[in-house]
Each structure stands twice: as structure tokens, then as C-alpha cells.
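how would this look folded up:
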Amino acid sequence: MASPSTSSSHSQSNGVHSPHGSRSDNNSIGSSDGAEVDLSSLEFRLQQFCNHTVDNINQELKEVSRELLDEVARTTKGLTSVDNDRSQGRKVFRARHSVLTYLLESTHIQTLYNIFVAILIIFSVNTVISDYLEHGRLVLNFAMLRWSFEQMPIVITIWILMQAATLAVYPVFLGYVDVRGTSATRRYLVDMAYLFCYLLFLTVFFVAPIIVIGRYHIPPGSSLIIICEQVRMMMKVHSFVREAVPRVLMFYRESRANANIHDVLPGFSQYLYFLFCPTLLYRDNYPRTERTRWSYVFSNMMQVAGCLLYVYYIFVRFCVPVFSQIGKQSWDLRTFILSVMNSMLPSTMVFILGFFSILHSWLNAFAEMMGFADRMFYKDWWNCRSWADYYRKWNVVVHDWLHAYIYRDVQLLMPAAWKKNRVVAMFTVFTVSAFVHEYVIAAAFGFFFPVLLLMFGGIGVSFVFLTQQRESRIWNIFMWVMLFFGNGVLMCLYSLEFYARENCASSSDSIVDLFVPRLLACH
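Residues are numbered from 1 along each chain as shown. Next comes the predicted model:
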């Protein structure tokens, strides 16, 4: 316990040696009051900030909700049409990439792509070295490639005329709608008259390019451009007519009061977009992309050019030296079998390059330019274990058209007792597809040699039944073995017939000569 003197001395000491002691205490009290004031101010400001933030969040939520409701209102009609399409078994378009676009993101698949590029480089280096060793200089001999695509001005003129005829379909269709009238008899007569005009249009559209190709002796590459574009435009026109005319018939059948027929008709801009977008099925609207990646377009076009050069090297190195001697040297069964065996690998490479350049690169380039978002032009056909799956997945664009306008329409036209039987519709699809494929080759090369017709419409159909419901991977191996063998036979026989017509004179100038194999007479 401290003594009083000690306490007093401490008190005095504090008083003497700390003359500002009382002022320090007053400042401490003031600081405490200031802290309380600052804390209250900070709490008030924090409350204001929270209230302001909550108000902003509520406002943002209201705007997002309003935008969502507007989007739902805008897409309700589209969703309804999608539901109707699904219920009717129609194709529903949606935004998606091609299968290889996804796969090429994997380094393993990129390596396979790089291997093909490396082989192309080896082909090019081999050509350069051979030219220097044989000629002492670089000789870029693209004579065969130039010859294949000669007479391009005629090709462009024919394409413009075909495109103009295709565009004329729309105003003619509007004229059909306007003159149809209200009388049942008048409608029947107008329907029959326009049906006759439509069939006449398709006939002229089919025959005219063939006559021009034959008259001007257009070479195979240029002819192939004309024929492929002809078939594409005819399929698009039929899709548009097949989708638009039922709307007109349904409108008059329902006979709604105060309704305008033009409200249900597609616009010209919709028809024009359809003519150039990479699909054969007409719809008023398609899923679209927000922007165009021109670098992506350029890369795909370069891939198409690379594949074309690749195919040229394969033909020049593996096909021309073997088959160009037909008619100049004797051929027997042994030589033919060896030629088929030797053609299997190069022909299958041409097959894969054709798939990649057209169904992937070319269609993706046009889809990007047109803002077309559904890029499912093919599926994983290389994994198929049945030929039915292969035919469905190999070319989805053409398969969708065949299913919509051949398969389903044949089922609609069949008697009620046969509607559940799919065999008739399936055989009709195969027959139409086989004839069109053979027509493209025949028109391009200038002769009818129905190898593809027999293999596609005969052997191919039998494989559909043979490989039904097969799950073992041995059937995928079987599919690839048959693809190698079939491609080898096709390349060998068509090359033999082509060079037989080049090297052996014709015994007749009549049209019958186009259908008689020159290979037999030349041998």
C-alpha cells in the first residue's frame, strides 16, 4: 500500500513534470467523441451505399426480366414452329458445329490432319526433285488440271442463266397465288396449269445444260461444276415449291375471314437466302451466327484448294501412268485385277479428300459467309457398323432432302395398307439416288457406264440388309474393306472406259455410242 507522501509526491510530480497532462486527457475525450461521430457517419454512408446498390440491383433485375420476356415473346412463334416440325417428323435446324470442327480441337486428330498435310508436302517435293533430275529445271505441268477446267466463260454463263431461272420461280409462284381465285373450278384449272408449267420447267432445266455440254465438248471438271449446280438448284426449287404450295392450299381450305394470303407466304429475301445457304430444305428462318469470321472462310477455301491439288497429284502419279495405255497395250484379267488392287489406296484417298473438301471445308466456308449456324453437314460415318447408318451419316444435306421429299412423300402416296411398309419408300430413295449419282458422272465424262449405278443401287442395298443391327466392331472393319474395294473398282473401271474412248476410235457417231462401253471394243 502506498504511503500518503508517496501519493502526494506522485501527484506533485505529475503536476510539475506533466504540465500538459490535463490537456492530454481532454484530447483523449475529444478523440473518443470524434471517433463516435466518424463511426456514425461511416455507418450512415454504408447504409446509403447498401440502399443504392440494392436499388441498382433491383433495376438491373427488372431490365433483365423485361429483356427475357421480350425474347420469349419474340421466340414463341419460332418455338411453336419447332414443336410443329418435331411432331411432323421434319428436320429441326439448330446452331451446332461440324463433327470435324469439334474433333480437330483434339491434338490426336490434329496429328492425323498433319499427316495428310505432310503427305501433300512430300508429293510436292517429289515433283520438284523429279523435275530437276529429269529436266534440269522446275516444270510445273498442270496440263491435265488446266484441261479439266477449260471453257470457264461458258460455265459461268450457264450458271448465271440457271440462277436467273431459279430466281424467276419466286415471282411465278406469287403469280400462281394471285390468279388462283375463289372458284373451285378455277382453282383446279390453275393448279393443273401451273403443275404442267412446273414439270416443263424442270424438264428444260434438266435437258438444256446437257445439250450445251455436248455441243461445246466441255471437259470433265467444268462439266462437273455445271451438273452439280444444276442438281443443287433443282433440289432447292423443289424444296421451296413443296414447302410453299401446301401453305396456299391450307389457307384456302381453312378459309379464314379477314385474312390475307400474302401474310403466310415467304418473302423474296427468305427465298434468296435459301438459294445460297448450305441446305436443301427450305425454312422461313434458320439459326444464324452473330458475325462472319473471314479468316475462317479463307482457311477453309485454302483447304479446298489444297485438296484439289492433292487429288491432282494422286491422279497424275497413280492413275494416268497405269490407265492411259489402254488401247495401246494388251489387257487381260490378271492386269485388270492388279489394277483394281493398285487403285484401292489412291481411290480411297480421293474419296476422303472429296469428303473433307466438299462436305466440310466448302460447306463450312459458305455457312460462315451466309451466317448459317447449323453446320451438321455430316455425322461420324467413319464409325458406322451398318450400311444404313453410313448412308444416313455420310451426307446429311442430301439425306435430309431424300427423306423429306422422296421417302416421306412416297409413304404419303402409298395405299393405307402399305404405309407401315418402309421397303417401297426405301427402294425408291436408293433408286433415285443411284440414278442421280450415275447421271452426274455420265454427264461429266460424256458416257454412260453404269458401274456406280449397279454398286450403289444393287450391292449397296444388299449391304443394308446384311448389316442390320450389327454391334461388333468387325462390321466397321467390313465397311472400310468394302469402301476400299468399291472405290478401287470404280476408279479402275471409269478410268479404263475414259482412256478407251480417248485412244480407240468410235465405230459410230450416233447417240447409241454413249451407252455402249468402248472398253470391250477397244480391247
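
show me the contacts for the residue sitting nearest the centre point of the chain.
The structure's the chain has its C-alpha centroid closest to Phe377; by CA atoms, centre = their mean the separation is 3.5 Å. Phe377 sits next to 98, 278, 359-360, 363-364, 395-397 when contact means CB atoms under 8 Å, 6 or more residues apart in numbering. Just so you know, the C-beta spots here come from the backbone N, C-alpha and C atoms, and that holds for glycine as well.

count the neighbours of Ser462 for me.
10 (other CB atoms under 10 Å).

please tell me how far it sits from Met455.
Ser462 sits 10 Å away from Met455, going by CB to CB, to the nearest Å.

excluding its backbone neighbours, what's nearest Gln270?
Closest residue in space to Gln270, ignoring its immediate chain neighbours: Asp284 at 5.5 Å, by CB to CB, 6 or more residues apart in numbering.

do Tyr216 as well
Ile154 (5.7 Å).

just Ala442 next, same as before
Phe448 (4.6 Å).

which of the three states applies to the one you found?
coil (DSSP: H, G, I helix; E, B strand; the rest coil).

that one contacts Ile511, correct?
No: applying CB atoms under 8 Å as the test, Phe448 and Ile511 come out as separate, 10.2 Å apart.

higher neighbour count, these two?
Just comparing Phe448 and Ile511: by other CB under 10 Å the higher neighbour count belongs to Phe448, 16 against 8.

tell me the first helix or strand C-terminal of the helix or strand harbouring Phe173.
Element membership for Phe173, per DSSP states H and E: helix 169-179. Elements were assigned by DSSP H and E; along the chain past helix 169-179, the next helix or strand is helix 184-216.

buried residues, that following helix. List them.
For helix 184-216, the neighbour count (16 or more other CB atoms under 10 Å) marks 187, 190, 194, 198, 201, 205, 209-210, 212-213 as buried.

farthest-apart pair in these, please.
Spanning the widest gap among the buried residues of helix 184-216 are Arg187 and Ile213, at 39.9 Å by CB to CB.

now the helices for the stretch 301-450 of the chain?
Taking DSSP state H, counting those that start in this stretch, the helices of the stretch 301-450 of the chain run over residues 320-323, 333-354, 363-370, 387-394, 396-402, 408-413, 423-445.

about what we covered before: pretty sure the residue nearest to Tyr216 is touching Arg215, no?
No: under the criterion of CB under 8 Å, Ile154 makes no contact with Arg215, lying 9.9 Å away.

for the residue nearest to Ala442, give me its contacts.
By CB under 8 Å, 6+ apart, the contact list for Phe448 reads 438, 442, 514-515.

where's it relative to Leu514, distance?
Taking CB to CB, one finds Phe448 at 6 Å from Leu514.

what residues are shared contacts of the two?
In contact with both Phe448 and Leu514: Ala442, using CB under 8 Å, 6+ apart.

burial of Ala388, as a residue count?
For Ala388, the neighbour count with other CB under 10 Å is 16.

for it, give me the pLDDT.
Reported pLDDT at Ala388 in the predicted model: 88.

the spatially closest residue to it that is not a sequence neighbour: helix or strand, and which one exactly?
For Ala388, ignoring the flanking residues on the chain, the nearest one in space by CB to CB, 6+ apart is Val464 at 4.9 Å. Here Val464 sits within helix 460-466, counting by DSSP H and E.

please name every helix or strand in contact with that helix.
Using 3 or more CB pairs under 8 Å, 6 or more residues apart in numbering; DSSP states H and E, the elements in contact with helix 460-466 are helix 387-394, helix 423-445.

okay, buried residues for it please.
For helix 460-466, the neighbour count (16+ other CB under 10 Å) marks 460-461, 463-464 as buried.

which residues sit against that helix?
386-388, 391, 426-427, 430, 434, 482.

mind listing what's buried along stretch 96-110?
Those would be 98-100, for stretch 96-110 by 16+ other CB under 10 Å.

mind checking which of the residues you listed land in helices?
99-100 (DSSP state H).

between the buried residues of stretch 96-110, which is closest to Trp475?
For those, the nearest to Trp475 is Val99 (20.4 Å; CB to CB).

how close does the closest one sit to Lys379?
To Lys379, Val99 is 6 Å away according to CB to CB.

do Arg180 as well
For Arg180, the distance to Lys379 - CB to CB - is 41 Å.

reformat the buried residues of stretch 96-110 as JSON lines; add pLDDT and distance to Phe323.
Output for the buried residues of stretch 96-110, formatted as JSON lines (pLDDT from 0 to 100; distance: CB to CB, whole Å):
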{"residue": "Ser98", "pLDDT": "93", "distance to Phe323": "34"}
{"residue": "Val99", "pLDDT": "92", "distance to Phe323": "34"}
{"residue": "Leu100", "pLDDT": "92", "distance to Phe323": "32"}
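
what packs against the helix or strand Val481 falls within?
Assigned by DSSP H and E, Val481 falls within helix 474-503. Packed against helix 474-503 by the contact rule (3+ CB pairs under 8 Å, 6+ apart) you find helix 320-323, helix 333-354, helix 423-445, helix 451-454, helix 518-522.

what would the ones you listed look like in JSON lines with mean neighbour count?
Below are the helices and strands packed on helix 474-503 laid out as JSON lines (neighbours: other CB atoms under 10 Å):
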{"stretch": "helix 320-323", "mean neighbour count": "16"}
{"stretch": "helix 333-354", "mean neighbour count": "16"}
{"stretch": "helix 423-445", "mean neighbour count": "18"}
{"stretch": "helix 451-454", "mean neighbour count": "18"}
{"stretch": "helix 518-522", "mean neighbour count": "17"}
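
list just the one of the ones you listed that sits closest to Ser295.
For the helices and strands packed on helix 474-503, the distance to Ser295 is smallest for helix 333-354, at 22.8 Å, taking CB to CB.

what's that closest one in contact with?
Contacts with helix 333-354, where a contact means CB under 8 Å, 6+ apart, come from 307, 310-311, 314-315, 317-319, 322-323, 483-485, 487-492, 495-496.

filter these to the buried ones?
Buried among the contacts of helix 333-354 by 16+ other CB under 10 Å: 307, 310-311, 314-315, 318-319, 322-323, 483-485, 487-492, 495-496.

and Pro266, which of the three is it?
When classified by three-state DSSP, Pro266 comes out as coil.

that one contacts Ala244, correct?
Yes: with contacts counted by CB under 8 Å, Pro266 reaches Ala244, the gap being 6.0 Å.

quickly list what's touching both of those two.
Contacts common to Pro266 and Ala244, judged by CB under 8 Å, 6+ apart, are Tyr282.

more crowded one of those two?
In this view Pro266 and Ala244 are compared by other CB under 10 Å, and Ala244 has more residues nearby, 21 against 18.

just for the stretch 401-523 of the chain, where's the confidence low?
416-420, 523 (pLDDT under 70).

number of residues surrounding the nearest residue to Ser148 once chain neighbours are set aside?
Leaving aside its chain neighbours, Ser148 sits nearest to Gly221 (3.3 Å; criterion: CB to CB, 6+ apart). Counted by other CB under 10 Å, the residues lying close to Gly221 total 19.

now do Tyr312
Look at Tyr312: counted by other CB under 10 Å, it has 15 neighbours.

gap between it and Phe465?
38 Å.

swap in Ile358?
For Ile358, the distance to Phe465 - CB to CB - is 29 Å.

kindly report the same for Leu272.
Using CB to CB, Leu272 is found at 43 Å from Phe465.

just Pro517 next, same as before
30 Å.

spatially nearest residue to Tyr312 (excluding sequence neighbours)?
Per CB to CB, 6+ apart, closest to Tyr312 is Leu145, 5.1 Å.
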